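Chemist: Curious how this folds, go ahead:
(4 chains, ligands or ions: 4)
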There are 2 protein chains.
Amino acid sequence: MRLTVVNDNRRAAYARERMAEFAARCRAAGLPVTPQRTAIIEALLDATDHPRAESICAEVRRRHPHVSLATVHRTLETLCRIGEARKVTTLHDSARYDGNLRPHHHVVCVRCRRIRDVEIAGLDTALGGAIRAPGFKPLGWSLEIQAVCDDCANFGGREGRSSGTGGVGRTPRNSNQTPQGANE
Amino acid sequence: MRLTVVNDNRRAAYARERMAEFAARCRAAGLPVTPQRTAIIEALLDATDHPRAESICAEVRRRHPHVSLATVHRTLETLCRIGEARKVTTLHDSARYDGNLRPHHHVVCVRCRRIRDVEIAGLDTALGGAIRAPGFKPLGWSLEIQAVCDDCANFGGREGRSSGTGGVGRTPRNSNQTPQGANE
DNA sequence: TATCCGATGATAATTATTATCATCTGATAG
DNA sequence: CTATCAGATGATAATAATTATCATCGGATA
Ligand SMILES: [Mn+2]
Ligand SMILES: [Mn+2]
Ligand SMILES: [Zn+2]
Ligand SMILES: [Zn+2]
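Modeler: Ligands and ions are numbered 1, 2, ... in the order given. I've put the predicted structure just below:
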């Protein structure tokens, strides 16, 4: 298993392709092509570091100083909804803690944010030799499986039943996420 | 590669072990053993769902109604610092977006929060057959490699140089994270 | 039991994100 | 090309999670 860091040349070519298709993709999704949207996707595709809304906003304002930060937030979410971008931080809305110190991974319900421990025999062994990212000193890794839990699939699944402390206990601000896994 | 969801029996036994050692571990770390700390680690170990601070606080207050939410936040971070817990949401502090729609994974600097794309040949193929968590309908997956980037290893590495849009652009509230990878 | 330093509780401050609403504008039809 | 209008935007307020502040408290040690 070989690990490669995606380099800038490939990224730049990819960004050009994507920009060429962008207007058509907006129309296909039934969305007007606004200069804000164009500038935001362009800044996102130019970025190498998975930027935050504020960072995108700063970049966009170099050419369009009037753009509102709220618009950047809204637009980034819109781009995720139509599949033109994804949020790296699936679970960023509030900190979630884990008492289980054994090596393990997680399956996350993208609707109710339930998180369960899973063990994947062989994975860590297989990865152990491969994790050598140039420019980084690796400390550890974790696999997050995005999924829909049975409760959410059956009912509306607003929140888990009486799971005691384990219950999520609230409806997250953003329970409408699109899968973002690395599979297709 | 076989995936198993960690069941309640094993968790309960594990929780009992951990509670038995907890006071000694606090002392080893030079921390007083307070009733709040004990109650918080107990609630965390009893939880099945990687709870948030508020959820832990609600549980703890059933026995200790005076406990402050701020204390729960502080204590959970302390527990992470001494290695008695971990934060599942490494990057929860602000939403990070990605324009790269190709299947790929991420390496994250735990100090400056830089995130770079990595491709791991063979991983998705190997996982494809294994991802069948009972009780969940899988949608996708992603591997996050926690690491320290060279800049942070060499200098203080407060933030990346002039990476334009890509730069994180601020010092995160919580740049003092412990590795939480699934390796040992 | 007295001492002390870190822990805690109460509360304010900060920060990211979302909601609201008046105004603007891209898309469409004439 | 222009009128129309639904949806997008900008300005701003509101919300929510987390952290900071600081007076008080209480484990640990002798
Ligand atoms: Mn876990
Ligand atoms: Mn990426
Ligand atoms: Zn669910
Ligand atoms: Zn770094």
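Chemist: so what secondary structure elements neighbour the helix or strand harbouring A:His106?
Modeler: For A:His106, the host element (DSSP states H and E) is strand A:105-109. Packing partners of strand A:105-109 (3 or more C-beta pairs under 8 Å, 6 or more residues apart in numbering or on different chains; DSSP states H and E): strand A:115-121, strand A:136-149, strand B:136-149. For the C-beta atoms, the positions are set from N, CA and C on the backbone; glycine is no exception.
Chemist: Starting from the second one, tell me which strands it pairs with and how they run.
Modeler: Each strand that pairs with strand A:136-149, with its direction, by DSSP bridges: strand A:105-109 (parallel), strand B:136-149 (antiparallel).
Chemist: thinking again about what came up before, mean neighbour count, distance to B:Ala15 and mean pLDDT for the helices and strands packed on strand A:105-109 - can I get that in JSON lines?
Modeler: Converted to JSON lines, those look like this (neighbours: other C-beta atoms under 10 Å in any protein chain shown; distance: least, C-beta to C-beta, whole Å; pLDDT from 0 to 100):
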{"stretch": "strand A:115-121", "mean neighbour count": "20", "distance to B:Ala15": "13", "mean pLDDT": "95"}
{"stretch": "strand A:136-149", "mean neighbour count": "22", "distance to B:Ala15": "21", "mean pLDDT": "95"}
{"stretch": "strand B:136-149", "mean neighbour count": "22", "distance to B:Ala15": "23", "mean pLDDT": "95"}
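Chemist: follow-up on the earlier one: okay, angle between the strand holding A:His106 and strand A:115-121 too, please.
Modeler: Angle, strand A:105-109 to strand A:115-121, by axes from the mean of the first three to the mean of the last three C-alpha atoms, to 10 degrees: 140 degrees.
Chemist: Mind giving me the packing neighbours of the lowest-mean-pLDDT helix or strand in chain A?
Modeler: For chain A, counting by mean pLDDT, DSSP states H and E, helix A:123-128 ranks last in confidence among helices and strands (a mean of 88). The helices and strands touching helix A:123-128, judged by 3+ C-beta pairs under 8 Å, 6+ apart, are helix B:123-128.
Chemist: Return the set of buried residues in the helix it packs on.
Modeler: B:123-124, B:126-127 (16 or more other C-beta atoms under 10 Å in any protein chain shown).
Chemist: Put the alpha carbons of that helix into PDB.
Modeler: The C-alpha trace of helix B:123-128 is given here as PDB (Å, rounded to 0.1, in the frame of the first residue of the first chain):
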ATOM      1  CA  LEU B 123      -6.600   1.200   0.700                       C
ATOM      2  CA  ASP B 124     -10.100   1.800  -0.800                       C
ATOM      3  CA  THR B 125     -10.000  -1.500  -2.600                       C
ATOM      4  CA  ALA B 126      -9.000  -3.300   0.600                       C
ATOM      5  CA  LEU B 127     -11.700  -1.600   2.600                       C
ATOM      6  CA  GLY B 128     -14.400  -1.800   0.000                       C
END
